[in-house]
Each structure stands twice: as structure tokens, then as C-alpha cells.
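Participant: Let me see the structure of the following:
(chains A, B, C and D)
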Amino acid sequence: MRTVRALAPYLVAIVVAAGPFLTDDRFLLKVLTFVGLNALVIVGLALLFGFAGQVSLGHAAFVGLGAYASAVCSVRFGWPWIVGFIAAGSLAALGGLILALPSLRLKGHYLAMATLGFGELASLAFVEAEPVTGGVDGFSGIPFPSIGGFEFREPAALYWLVWAIVGIAVLLATNLTALRPGRAMRALHGSELGALASGVDTTGIKVRVFVLSATLAGLAGALYASVVGFVSPSVFTVGSSVTFLAMAVIGGTGSLAGPLVAATALTLVQYLDALIPGISRDTARIVQSFQEDVYGMSIVLVVLLAPRGVSGLLKRLGSVGRP
Amino acid sequence: MTMLKVRGVSRRFGGLTAVDDVSFDVHEGQIKALIGPNGAGKSTLFNCVTGFDTPHEGSVEFKGQQLVGRRPQVAVQMGLARTFQNTQLFDEMTAHENVMVGAAARHAAGFFAAALRLPTALAQEQEAAATASRLLRRTGIEEWADTFAADLPAGIRRLVEIARALATDPSMVLLDEPAAGLNATETAELVETLRRIRDDGVTVLVVEHDMGLVMEVSDEILVLDRGKKIAEGPPRMIQKDPLVIAAYLGEESDDG
Amino acid sequence: MQCGTMVAELLQFIIAGLKSGAVYALVALGFTIVFGATGAINFAQGEFYMLGGMTGVLLTTWGVPLPLAVVGAVMLTAVIGAAFELVAVRPIASGDPLRIIMVTIGGSVVLRQAALHLFGPDERALRPFTAGPSLRLLGAAVERQTLWVWAITAMAVVVLAVVYRQTMFGKAMRATSIRRDAARLVGIDASAMVTASFGLAAALGALGGLVVAPLTQTAFYVGSGMGVKGFAAAILGGLGNPVAAVGGGLILGLLESLTAGYLDPLYKDAVALVVLLGVLFLRPQGLLGGRGTEKV
Amino acid sequence: MERLSVSLVFVLLVAMLFGCAGGTKDAADEGPKPVKIGAVLSLTGTYAGLGEAEKRALELEVDRINASGGIAGAPIELIIEDDGTDEAKAVAAAAKLIEQDGVVALIGASGTGQTMAMRGDVKRAGVPQISLAGGTVVTGEFDPLVFQTPWSNRIVVPFVLEAINRAGHTKVALLSDSGGYGKDGRAVIMENVASAGIELVADETFNPGDTDLTAQLTRIKASGAQAVLLWTAGKEAAVAVKSARELGLDQPFFGGSGQARVEFIEGAGEAAEGFIFGTGKSLVPANWGEGSVQFETVSDFATRFETAYGEQPDIFAGHAFDALTILADALDRVGPDASPQELRDAIEATNGVVGFGGTFTFSKTDHNGLTTDDLALYTVESGKWVPVK
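Facilitator: Sure, this is the predicted structure:
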């Protein structure tokens, strides 16, 4: 049993890495690539919400910041893709820092409001900064990612690129949570007074986690821009932020695996009709028109009934068989 | 040597003066007790001393350095640790992990090192784990190490919190009612623990209601009533102090 | 002549600003009342504004006379607000404030989606309360509905003040907002006060949604934007202070209107957001608030 | 334990997906191979109203064409995907239709953003796309593969400007929204005012969702404009005309296709009376003259639509009808086995095809294919729109 448990992450990694060998369905690979993009955002949100207990209603803005930064770098400036990718992460990190420094001094509900305000403001800016962002018409003609002359244009290549980055992010986040910073974050969530009395630099931890999660969102945005090739403001709304938050909340606290499962499941639901060929169109439509209801309802129910979310449920399931 | 030097500290809430011009010293190697009836301002004074609250007036010097206006974790890093009247443990972590949080108090945040599992991070981790185990043994609760804090009995929670405070490697600890909720045996063990802490070279300031414990363990006692210091001295002297007796009798008749 | 037009123009902007501002004030009052009773921000407050307008439209399309429809919509929304508190907030009221925030965020999505499914995606209009041409004031026009907005807001504020000062219920509410545990000691049912605060906040939001519906139309999606503006108004004044909430609402409305009038209308929506972030970062106790900052 | 269960769930999920997708490809071959056409529509989300009407029109027409023998005996197989008014989903839907279903042409998307987002995949696959979105950018940012059926601002704007000029107004105030439709229209208006002999004395904008336009209208009132040109498709149009009347701004209002919405007239009530807007003639089919081909085509479609669904088709249904009509016409010319490239060339050669929007004639530079001849001027009278005599 112990070996299975130890091997499980490797097993998942192998299955994910082998994806393109298991199917030649280019659509499915594209959908799974989108799953990877959301997963990247959720790794950051799992740290921020699930470990450090901070609410953000503005993460879609960081995704947008990254997407536009990478688009501008590669299209307007003609810089290599990787430079735009790094610029996207840096810009999102900077945005996160500017927002985090003043607002994290405040109590939790103020942070949530500040991120909401920031998200709305960013949405406006994406529309109004037309010379940079292309305004409502969007920004088109963004090239595929390329590193050193290799262009990731095939769905399988994009899939590998995105999931490789997700893999790295998950690995780093796992290390982070297993060691002292993870304990400090959980301590902060468990009791802020207790954390302060234990010498935890609570503000420093909050700022770092916030910036880290904003950076991951920015990188996801850069990948989104070059995978889709087109960016418009309608993608980076507060609505999307709520969706991200729902994934993190449903995924549960104190775990990376739970939020990743939630992100995967909730992203796949959006493509239900295309993924399960037998499903009737009406069923798929009902599922899709009630998608947001499900998000909202899930947040309420999880908070009321199962505060530890999917990860908590899985933990409980797992412990049933234990002596 | 004077470890803690409090001078003229006052803290008001609206019209109410919770702590009124209090001054006292705590010397190195002492166990000093802070007592007083309910609402005397003991917890507020504690908060003002540890950086959780800011006094309106007065100064708090710890090992010669000014503490007023500093953030609580700075006080911890300077060697001043505390516990709470309502224990503030991290419920979703084990007792051992709780103490480990304290053990890492003086390390840098180390996000980068931890994410990359650099040797320094791993070494610190081992050191923290070892410190935590040692302190759980020292406080006599090593059998609870792997229990989640949420599942610990009240008495053990207090000890875990003390162990966590000690893990920060303090020169002085402030314990807020450590005996509350303990039975007689546990209280007796607590007396031993407090002495052991002092013998390890840690100065102790303790707020306590249990008079037996206070008289038995403390080298010096400070008495607060309605925010004011009314007496200070060795236990024998305090026991006979008419002001103290009056204050406590007053409280009892209030309760009745 | 030139000077006259300029004065009329300024007056027109002020009228428009005080019109929007009055509505912000109603929504901001809702935030303030819930914050007073629970110490938490109700992220679903904007949805009550939306529900008021939409249920009012629904009732009139069923043939309910307008005055009855307005009263009915306010009461219905108040019941929804109280029910929301009972079902979703009460079970966690004593716990982590983070959970209350999450529940109200989730709840706002649920309420908005429910409105979408029940009322449809289209914009709906409510009849003006009294028909007729606008009134003139020194060359500026005042729509009749604007007078209703002011009158009803003023009435709500006065009634609220009287209730808070004079009635047992109001005193209990104030006591609860000062100290929950102390309130319980003197025999006040603090949880009932929290439920009542949600109902009251919902009623005020609904009133706001109803009085402007004839001017602006309403739709299932208008709640979240109004929530942000109402909160900006509430925190501009200083959260937890009803008088300041009204002041904050009026100031925000004026700021928006003058920005649209003398700078660029496109910056209008940014005003509330800049105010929100600016106040949060620089002066979380609000411009008019004297209480200690709510730092950790 | 937790990790194990989580991983198991994940592995199962992934395996299930691959399994499902693997099983979809072997459809039984009977009779002539169908012509596969994909459609990406917004059936949910913000544009759900548009997508639903478009879907009905497309399904109605496919059934009609197949019932009358299809394309040289081969039936049309229409595969509709929902993009949820979301660009990422539009991209995935396009990829699915192209890669998985192997469609020869795409219809859609309903919205401009979604249409633009699909462009990358469309280009790579070389499949022709007929968009149902009205944004000028769709065919303005020219792509040889992309066509569009709605009346774009590029033809509606000059038509309305000319009407304003003909009514004797030369000083005009513009009020437009900063969203897609308004911004697009404003750009085209700016290009055309001079040639239409009109001077813009005010140029005011507002944000989608604005509930108070006092500032803009006050300035327009002070600008001395003889007429107001309102360019928006949002609910703010009703707010604009209502507050204009309240503020005593009594100049005539003009607008475009954005006002061909029942919601506008309902929302504005009295204040909408006398509003003049330009849009397609087919809004009132009688415009075409009874007995004309156009009249027959539009009323035939309207009758069949009403029989099938119990309500009149709106303009969005009409645009979808046109996309399929154009596609069927091109397929008739090149046959059911044509490659996407041949089909594209055939669509570009479309000449005089009569649809709902008007008579479509594409060229190498014009992929919208309509002219001002397909437009008419309407005014609101007693809560209904009627053609201006």
C-alpha cells in the first residue's frame, strides 16, 4: 500500500506525459492543454487560498496581464517567445506585489474587496488601453511558442510544453508546502495570532504567496495567448476569477492534489458534449447553462458542509479502511 | 541583569483605561507572576509587552531594546515568546508540526531554497524537527507528537503551546494562564515544567489565577487591579498585603 | 449667457451625481448594516439591488399595481436576504470570517444565475412612478423619477434613523454591532439581529434597484457592478457608520458625474474602483470614520 | 492515502477520456458520404439569445435541403458546437470540428471575439469560415478564408449618414458606446462623415452598463447639433433617448442595426417614437416589393421558421440562414466532394445569391457582399418600427 501511495504521483506524471501517445485526437489534446493552463493558475491559488487562507477575486487580471505582456513582446517588439514568457511572469509578479503590499496589511475581507476592485479595474484597462491591447476587438496574430528555433505548433507539442510547465510548478509547489514555508502558510491560516507568536513573518508570507500565485497566473496567461493566438478582454473578467476561486475552494484546503483534480474536472465539464459523444445535446446544454450555478452552489456547499473540499473528502474516504 | 523593563505603560479603550501607568522589571532567571482579579488588565498588559497591542504611553525595553511599535514576530526574533489564554494552536497540524513552526522562527523565509530543496533548507528542516522532538520530550508530551492539534485535550494544548514558544529559543517567555483547564496532577507537572524552563536559563513571566501554583513557583509577584499596579514583591509579602486582600475579597463579593 | 449655460451645466451634473449617489447610498447602507452585525462584508449585497428591480418588473407584468409591486418587491427581497442568512451564513457565523466571505461570494453567483433562469437574459424596464415631463431648475432638468429617488432615499434614511434611535429593535441592533457577546448578556438574541440585518440590507438594496429601474432598466447582471460601487461608497465614508455611508454614496455619485462631465465619460466606472482601492490602501477607516483601523 | 485516491481518480478520468474519444471515429458508411459542415454558436453565455436563433435557422435549412435531395444527392451533416460566448471554447470547438469531425466549412461564430479567436485554426486547416458576427474587423482585417453575412457597419454607416444629410442635418452629435459594436461603428463614422457632408459637433462615448448619460447629453445639447447619431446595440440606447427627452434635447435621433431590437422600443417607451435607424430591408419584407425574388425568399423563410418554431425569425436567424444559403449555393457549383480550398474559391465566386440580408456578391476584396441597396430606413411609430416613406 505504501509503495502504491509513493508511486502514485509518478504514475500520474507518466500518464500525463504519455498523453499524446495515447491519442491522436488533436481536439482532445487541445482541451487537455486548456486543462493544463487552468491547472497552472490553480497551483498558485491552491497555495494562496488552500494554504495561506487568502481570497483573491482578481486572478483573471493577472492571467490577462501575462497574456497581453507576452502578446506585445512577441508581436509588437518581435522578441523571442521565451523573453515574452518571462516578461509576462515578471509583470504579473510586479502587479501582484503592488496590490499585495498595501492590501495584505488589511483583514481578509478587505483583501477580497481590493482584489475584486483590481480585477474590475484591469478589465477596464484591457478595453481602454487600445493601442496596447487592441481594445474590445482583441489582439490577434500571436505566434506559437518557440524555443531556440523549435516552434510548438502541433497540438501534441503545445500539450507537452504546457504540461511540462505545470509539472515544474507542481514540483516546486510540493517542495514549498512540504517544508517550512508550507508550514508557515498553514499556520497563518490556522491561527494568525499563533503564527505571529511563533515568529512567523505573516505579512511577508502573505506577500510572497500572493506574488507567487500572481506570477503563475501571468505565466498561464502567456501560454494561453500563444496557444490560442488571440487575446481579448472578455476572457479576463471577474467572472473568470470567480471560476478559478471555485476550483480552488472545491479542491479544498491544505492540498495541491485536490485543487488540481477540481480544476481538471471543472474544465472538462465545459467540453462535455464534445468529449462524451453519446451525450444528448440537451443534456450537455443544460449542464453548460447551469455551469455557473454549479460553481456558486459548490462554493456555498463546500464552505458550509465540507470546508476541506475535495481533498478533505478524499482523505476521509482514504481513512475509512484504516484500522 | 534586567531582562524586561516596563515603564509607565497605559492603554485605553474608548473611555476605559485598561492599563494605567504600570511600571515593573523582570530579572534574568526569575519566574515572575502577574496576578489580579478579572478585568484587571493582565492580558492587555501582556499584549502591550509582546507587540500584539500598542500602548498609548510608556516604554517597554527588552534586553535593552525598545519594543513598543515593533511587530510581534520581531519580539519573537529578539527572544521574547508568549502563549495565549485561549490557546492559538494550528488545528490542522500535528503537535510536532506546531512546535516546528516555532522552531523555524529565526530562519529566513526561504521560499526559494525550499522550492528547490536546497541543502540549507533541508538542514534547517532537520534541525527544526529535532528541536521540536526535544521540546515535546522536555514538556513531557512526546506521545502526542503525531496527533492533530484539534484532537488534543485542553491540558496538552497548553503544553504544546509552551513547547512552541520555547522552540523559538527565547530568553524569556510570557505564559498567559497556563494552568487554566488543568487537573491537579497536570498542574503539579506544570510546576515542574516551569522550573525546568527556568533552569534551562529562560526567564518566565506568568499570568495565573491558580494561587497555589503562583505562590509555589514564583520568585516575585506583581498584582494589578483595575489597570493599576497595587503591589509587587515576593510571595510571602504579597500574601499579607492588605490592598491585595481587599482587591480579591472585592472580586469574590462581586461574583456573589 | 455663457456663464448661465455653464452654471446650468454644472447644476445638471450635480443633479445626475446626486441621483446615482442616492442609490449608492442605499446599497452602501446595506453593507454597513451587515458589517455592523457580523463584522463581515456581504458580497451578495449588489444582488439584492438587482433582485429588487427584477422582482418589481415581474410583479408589474403580472398586473400588480406599481405601488404594491414596489412594496412587494422590497418585502420579497428582504425575505430572500433573511433566508439567505439563515441557510448559508448562520451555520458558520461564529467561525472563520473567511468562510462568511466565501459563502456570500458563492451566494451572489447563485442569486444572479437564479435571476437569469427565472427572468431571462434581457433587460427589463419599470414604469416611471409618476408620468410627466421633467421639471426645470435654473436651466437644468430634473426628471420626475429623480425626485422619487431622492424622496425614497431620504425617507429610508429617516425611517432607519428613527428605528435605530427610538425602537427596542434598533437599540438591540446597535448594541449587537458594538459588542455581540455583551449584547447577549443583556438578553439580546444576537443571531436574530444578524438575520434581521441581512433582511434590512436586502430591503435597502431592493429599494435602490426599484427606484432607478424606470431610469436605467434592469437585468440579471447589474448586481455585481453595483455591489462594488456600493462598497466603494460605504468604505469611502467609513465602514460601519450609517451616516458616513450615505455621505460616501453621495460623494461617489458626484465624483462620477463630474468626472464624466468635465474629464472623460469613459473614466466614470474607474472612479469608484480608484476610490475603493485608494481608500483601502491609504485610509481603511474611511474619510469620515474616526475608529481605529482594522488592521490585524 | 489522500495522494493515492487523488491520483487514482485522475488516472481514471484521463483514461476514460482517451477511451471515449477513441471510440468515436468509426461511424457506419451508408449511401453517399454526407457533406460535413460545422457551426460554432453561442448557445450559452452572453450571446445565448443570438446562438439559439441561429441554431434554429441552420437546422431548419439543413432539413429542407436534405429533404429536397441534398447536394447532388449527398446530405448535409451539420455539427453544432456551443462556444458559451467564450473565446477559448470557440477555439476548442473549431479544433474539434476541423480535427475530429473533418468538416469542409465552418459557420460562425455568433460573436466577433469568438470569430477572431477561431482564425488561427481556420487558417492552419485552410477551411472557409462564414461568420455570423457583425464586427467590421471580421472582414475588415481581411482573410481570404473568412466571410461574413450580417450588414456590417461599413455599409450601414454611410447609408445612415446619407439619410441624415438628406434630412437636412449637417451638424451632428455622435453618441456611441465603448464596447465592440459602438467602437467599431464610431471608427467607420469618423472615416465617412466628411464625404457625407456632415460635421460632427460632438463626439461622446459611454461605457457598456452605464446607467446615467446626463453628462454626455448635456454636452450634446450645448453643442448646437441638429441631430444625434446614436451608435450602440446595448440597453443604454433606451437610457439615452429617455434622458435626452427629459433633458429637453428634442433633436431627431438616428441609429443603426443596434436599434432593430424589440428591447430598445420597450425600454425607451414613448421616447423611442420618431427614432430613425437604418438596417436591412428584410426587417420588413414588404420593403422588397411583393413578388420580387427577395420578398419571396424572405417570406418563405419566415413562414417556414414560424411553422417550425411558432415565432418570427429575428435578424440573427436571418444571418444564419444566409450563411447556409451561400454555402449550399457554392456546394451546388463544386459538388459534395469538393476540397475546402475548392469550396472557398466557390464561395468567393458567389454572385447574386439572394438571402435574408440581401443579395450577396463576393469578390476577392469584399467578403461581406452586401450593398446599401439591401438597406432601408425605419422609424418607430406607436411602439413599432415602420419603413420610412
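Participant: distance of the closest residue to chain D within the stretch 51-200 of chain B from B:Asp199?
Facilitator: At 13.1 Å from chain D, B:Glu92 is the closest residue in the stretch 51-200 of chain B, using Cβ to the nearest Cβ. For the C-beta atoms, the positions are set from N, CA and C on the backbone; glycine is no exception. According to Cβ to Cβ, to the nearest Å, B:Glu92 stands 34 Å off from B:Asp199.
Participant: Could you check which of the two has the larger neighbour count?
Facilitator: Counted by other Cβ atoms under 10 Å in any protein chain shown, B:Glu92 and B:Asp199 do not tie: B:Glu92 has more neighbours, with 17 against 9.
Participant: Doesn't that one lie inside a helix?
Facilitator: No: applying DSSP: H, G, I helix; E, B strand; the rest coil, one finds B:Glu92 to be coil, outside a helix.
Participant: Could you pull up the residues touching it?
Facilitator: Residues near B:Glu92 by Cβ atoms under 8 Å, 6 or more residues apart in numbering or on different chains: A:186, A:189-190, A:253-254, B:148-150.
Participant: Lowest mean pLDDT among the helices and strands of chain C, which one is it?
Facilitator: Across the helices and strands of chain C, the lowest-confidence element by mean pLDDT, DSSP states H and E is helix C:180-185, at a mean of 59.
Participant: what's the next secondary structure element after it?
Facilitator: As assigned by DSSP states H and E, the chain's next helix or strand after helix C:180-185 is helix C:190-216.
Participant: and that next one, what does it pack onto?
Facilitator: helix C:2-38, helix C:45-61, helix C:66-84, helix C:144-166, helix C:168-178, helix C:180-185, helix C:222-237, helix D:236-246 (3 or more Cβ pairs under 8 Å, 6 or more residues apart in numbering or on different chains; DSSP states H and E).
Participant: Return the member of those helices having the minimum mean pLDDT.
Facilitator: The weakest mean pLDDT among these belongs to helix C:180-185, with a mean of 59.
Participant: Now the residue of the stretch 51-200 of chain B closest to chain D: phi and psi?
Facilitator: Backbone geometry at B:Glu92, expressed as degrees, to the nearest 10, gives phi -90, psi 20.
Participant: Can you say which of the contacts of B:Glu92 are buried?
Facilitator: Applying 16 or more other Cβ atoms under 10 Å in any protein chain shown to the contacts of B:Glu92, the neighbour count classes A:186, A:189-190, A:253-254, B:148-149 as buried.
Participant: Return the subset of those residues lying in helices.
Facilitator: A:186, A:189-190 (DSSP state H).
Participant: Against chain A, how distant is B:Asp225?
Facilitator: When distance is defined by Cβ to the nearest Cβ, to the nearest Å, B:Asp225 is 27 Å away from chain A.
Participant: Show me what that residue is bridged to.
Facilitator: B:Lys228 (DSSP bridges).
Participant: how about the residues of the stretch 101-250 of chain C near chain D?
Facilitator: Residues of the stretch 101-250 of chain C lying close to chain D (Cβ under 8 Å from any Cβ of the partner chain) are C:121-123, C:125, C:133-134, C:141, C:143, C:212, C:215-217, C:219, C:222, C:225.
Participant: From those residues, pick the one nearest D:Asp332.
Facilitator: C:Pro121 (37.4 Å; Cβ to Cβ).
Participant: which SS class is the closest one?
Facilitator: Three-state assignment for C:Pro121 (three-state DSSP): coil.
Participant: Would you indicate which residues of the strand or helix carrying C:Val103 are buried?
Facilitator: Under the criterion of DSSP H and E, C:Val103 resides in helix C:97-119. Going by neighbour count (16+ other Cβ under 10 Å), the buried part of helix C:97-119 is C:97-116, C:119.
Participant: ok, now which ones touch whichever residue of the stretch 151-300 of chain D sits closest to chain A?
Facilitator: Closest contact between the stretch 151-300 of chain D and chain A, by Cβ to the nearest Cβ, is at D:Gly180 (4.4 Å). Each residue near D:Gly180 by Cβ under 8 Å, 6+ apart is listed here: A:136-137, D:112-113, D:135.
Participant: Ignoring the adjacent residues along the chain, who's closest to it?
Facilitator: Nearest residue to D:Gly180, sequence neighbours excluded (Cβ to Cβ, 6 or more residues apart in numbering or on different chains): A:Val136, at 4.4 Å.
Participant: Also D:Lys36?
Facilitator: Leaving aside its chain neighbours, D:Lys36 sits nearest to D:Val103 (4.5 Å; criterion: Cβ to Cβ, 6+ apart).
Participant: List phi and psi for the one you found.
Facilitator: The phi/psi pair for D:Val103 (degrees, to the nearest 10) is phi -70, psi 150.
Participant: just D:Thr232 next, same as before
Facilitator: With angles defined as degrees, to the nearest 10, D:Thr232 sits at phi -160, psi 160.
Participant: before we move on, what about C:Leu135?
Facilitator: Main-chain dihedrals, C:Leu135, degrees, to the nearest 10: phi -90, psi 160.
Participant: Quickly note the distance from it to chain B.
Facilitator: Distance check for C:Leu135 against chain B: by Cβ to the nearest Cβ, it reads 48 Å.
Participant: what are the bridge partners for that residue, then?
Facilitator: C:Val142.
Participant: Neighbours of it, how many?
Facilitator: Using other Cβ under 10 Å, C:Leu135 has 13 neighbouring residues.
Participant: could you check the distance from it over to D:Lys242?
Facilitator: Where D:Lys242 is concerned, C:Leu135 sits at a distance of 16 Å (Cβ to Cβ).
Participant: Check B:Arg12 too.
Facilitator: Counting by Cβ to Cβ, the gap from B:Arg12 to D:Lys242 is 56 Å.
Participant: With A:Gly182 instead?
Facilitator: Taken as Cβ to Cβ, the span from A:Gly182 to D:Lys242 is 58 Å.
Participant: Make sure C:Lys21 is actually in contact with C:Gly253.
Facilitator: Careful, residue C:21 is Gly; it's not Lys. Yes: at 2.2 Å, C:Gly21 counts as touching C:Gly253 under the criterion of Cβ atoms under 8 Å.
Participant: Tell me which stretches of the chain form strands.
Facilitator: In the absence of a named chain, this looks at chain A. All strands of chain A, identified by DSSP state E, fall at A:139-140, A:146-147, A:150-151, A:230-231.
Participant: should've been chain D
Facilitator: Along chain D, the stretches classed as strands by DSSP E are D:35-41, D:76-82, D:105-108, D:129-131, D:146-148, D:171-177, D:199-206, D:227-231, D:253-255, D:276-280, D:351-354, D:359-361, D:375-381, D:384-387.
Participant: Dump those to JSON lines, plus mean pLDDT.
Facilitator: Converted to JSON lines, those look like this (pLDDT from 0 to 100):
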{"stretch": "strand D:35-41", "mean pLDDT": "93"}
{"stretch": "strand D:76-82", "mean pLDDT": "90"}
{"stretch": "strand D:105-108", "mean pLDDT": "92"}
{"stretch": "strand D:129-131", "mean pLDDT": "95"}
{"stretch": "strand D:146-148", "mean pLDDT": "94"}
{"stretch": "strand D:171-177", "mean pLDDT": "93"}
{"stretch": "strand D:199-206", "mean pLDDT": "92"}
{"stretch": "strand D:227-231", "mean pLDDT": "94"}
{"stretch": "strand D:253-255", "mean pLDDT": "94"}
{"stretch": "strand D:276-280", "mean pLDDT": "92"}
{"stretch": "strand D:351-354", "mean pLDDT": "91"}
{"stretch": "strand D:359-361", "mean pLDDT": "93"}
{"stretch": "strand D:375-381", "mean pLDDT": "92"}
{"stretch": "strand D:384-387", "mean pLDDT": "90"}
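Participant: how about a markdown table for these, with mean neighbour count and distance to A:Met247 added?
Facilitator: Shown next, in a markdown table, are the strands of chain D (neighbours: other Cβ atoms under 10 Å in any protein chain shown; distance: least, Cβ to Cβ, whole Å):
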| stretch | mean neighbour count | distance to A:Met247 |
| --- | --- | --- |
| strand D:35-41 | 26 | 25 |
| strand D:76-82 | 22 | 21 |
| strand D:105-108 | 30 | 28 |
| strand D:129-131 | 29 | 32 |
| strand D:146-148 | 26 | 34 |
| strand D:171-177 | 24 | 33 |
| strand D:199-206 | 19 | 35 |
| strand D:227-231 | 25 | 39 |
| strand D:253-255 | 26 | 42 |
| strand D:276-280 | 25 | 43 |
| strand D:351-354 | 15 | 47 |
| strand D:359-361 | 18 | 45 |
| strand D:375-381 | 20 | 47 |
| strand D:384-387 | 14 | 46 |
